[in-house]
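Asks: any chance you can model this:
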Amino acid sequence: MVQKQALRRSLLQTRCQLSEGEWRDRSDRLCEQIRQHPRFQSAQTVLSYVSFRREPDLLGLTGDRCWGFPRCQGESLLWHSWQWGDRFISGAFGIREPHPDSPQIAPETVDLILVPAVACDRRGYRLGYGGGFYDRLLSQPQWREIPTLGIVFEFAYLQELPIEPWDCPLTGVCTEERWVQTSPDGNVKLEPSPLSSKPP
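Replies: This next block holds a predicted model:
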């Protein structure tokens, strides 16, 4: 647990020190990687997040498709539909979230979840912020089979993260340099994006 806390603190510091220009450039490149991902290209309903503390900004992807964003309620995430022009409100932890009156999205309609993270590893494990929101969500049967793509900048894509028994691996990871489909045994199942020259 101490190892996780130290790693989280170090990576958050690195991310928060990105200049506005570098953060925007990395975010734009990451959005282009996502656009090339087969799961995204075929998805009709995508769940995403609103950037907080220099997380990759994915709002540039929104437009076509049905989009959903999370709202914290207690220890759970509720997903509400959102379209360009809808306003966000300040929610839990100061994170922007959809208005509670916007329609909720049922899990059976979702094709892909873009998951925020402090870091991800090649096995698909994710280092979050310590609240356990996504682990609780993805452990539920109605969410478990939906494809998930961890979203991090390249410096936060690691070989191996310390994990706990309750950690739920994601089905893929996307950075501004690559996307890979992962598996808990560490075998990369999908070659890097054609936009990238780096190995998985």
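
Asks: and for the nearest residue to Arg126 once chain neighbours are set aside, the neighbour number?
Replies: Once flanking residues are discounted, Arg126 sits nearest to Ala117: 4.5 Å by CB to CB, 6 or more residues apart in numbering. Every C-beta, even on glycine, is put in place using the N, C-alpha and C of the backbone. Neighbours of Ala117 under the rule other CB atoms under 10 Å: 24.

Asks: which residues touch Ala117?
Replies: Arg126, Leu127, Gly128, Gly150, Ile151, Val152, Ala156 (CB atoms under 8 Å, 6 or more residues apart in numbering).

Asks: what bits of the protein have low per-residue confidence?
Replies: 1-2, 183-200 (pLDDT under 70).

Asks: so the residue most central in space within it: helix, strand or coil?
Replies: The chain has Val115 as the residue nearest its centroid, 2.1 Å off, counting by CA atoms, centre = their mean. Here Val115 is strand, with the state taken from DSSP: H, G, I helix; E, B strand; the rest coil.

Asks: likewise Trp79?
Replies: Put simply, Trp79 is strand when judged by three-state DSSP.

Asks: so what's it bridging to?
Replies: Beta-bridge partners recorded for Trp79 (DSSP bridges): Pro70.

Asks: how many neighbours does it have?
Replies: Neighbours of Trp79 under the rule other CB under 10 Å: 25.

Asks: run the chain-centre distance for the lengthiest helix in the chain.
Replies: What stands out as the longest helix in the chain, according to DSSP state H, is helix 20-36. A distance of 14 Å separates the C-alpha centroid of helix 20-36 from that of its chain, computed with CA atoms, centre = their mean, to the nearest Å.

Asks: tell me which residues in it are buried?
Replies: Judged by neighbour count using 16 or more other CB atoms under 10 Å, the buried positions of helix 20-36 are Trp23, Arg26, Ser27, Arg29, Leu30, Cys31, Gln33, Ile34.

Asks: distance to Tyr49 for those - can I get that in a markdown table?
Replies: Shown next, in a markdown table, are the buried residues of helix 20-36 (distance: CB to CB, whole Å):
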| residue | distance to Tyr49 |
| --- | --- |
| Trp23 | 15 |
| Arg26 | 16 |
| Ser27 | 13 |
| Arg29 | 18 |
| Leu30 | 13 |
| Cys31 | 13 |
| Gln33 | 16 |
| Ile34 | 13 |
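
Asks: so the residue located most distally from the centre of the chain: helix, strand or coil?
Replies: Centroid-distance maximum for the chain: Asp101 at 24.2 Å, with CA atoms, centre = their mean. Following three-state DSSP, the label given to Asp101 is coil.
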